[in-house]
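Undergrad: fold the following.
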Amino acid sequence: MEQANATLGWVTERIQRVRAAHQALRELGQGASAVIRALDPQLGGCYPSREVARPLVTLSLALTELERVDIVLRDLERGLVDFPALRGGDEVYLCWLVGEPDVGFWHALDAGFVGRQPL
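TA: I've put the predicted structure just below:
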């Protein structure tokens with residue numbers, strides 16, 4: 001739990017980057033969706049405009065940074081994050097929402113947010 005709490009600033013920063021990139025893509029509307037679909041190598045691929053590429057790269061890098069340390073962003077809108085942990089010898093997730101002062105909940109791997117329990 002201490003390790004998870006120590007990373008909250010870093011995690012929040014990545015979530016803010018993902019949110020900003022996601023919002024930028026939403027603001028581009030259907031044009032961005034068409035470009036993103038066209039990136040599919042099965043369809044021949046294409047180079048997206050800088051307007052689309054910049055938020056895509058930002059989004060990808062931030063999510064990759066979280067993934068590298070096994071932090072799982074479950075819900076971007078709510079800022080729901082799971083940290084893998086051991087509790088009593090069992091693998092669990094420590095559960096945190098952006099804005100909570102610290103990691104104060106956990107749930108079994110298959111329980112999800114509805115199974116969230118105080119630490």
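
Undergrad: correct me, but residue 83 touches residue 94?
TA: Yes - in this structure, residue 83 is within contact of residue 94 by CB atoms under 8 Å, at 4.2 Å. Using the backbone N, CA and C atoms, a C-beta is placed for each residue, glycine as well.

Undergrad: now do the shared contacts for the two.
TA: Shared contacts of residue 83 and residue 94 (CB atoms under 8 Å, 6 or more residues apart in numbering): 4, 103.

Undergrad: what residue is smack in the middle of this protein?
TA: Central residue of the chain (CA atoms, centre = their mean): residue 73, 3.2 Å from the mean position.

Undergrad: who touches that residue in this structure?
TA: Taking CB under 8 Å, 6+ apart, we find residue 73 in contact with 15, 18, 63, 66, 80-81.

Undergrad: change it to 6 Å
TA: Going by CB atoms under 6 Å, 6 or more residues apart in numbering, residue 73 touches 66, 81.
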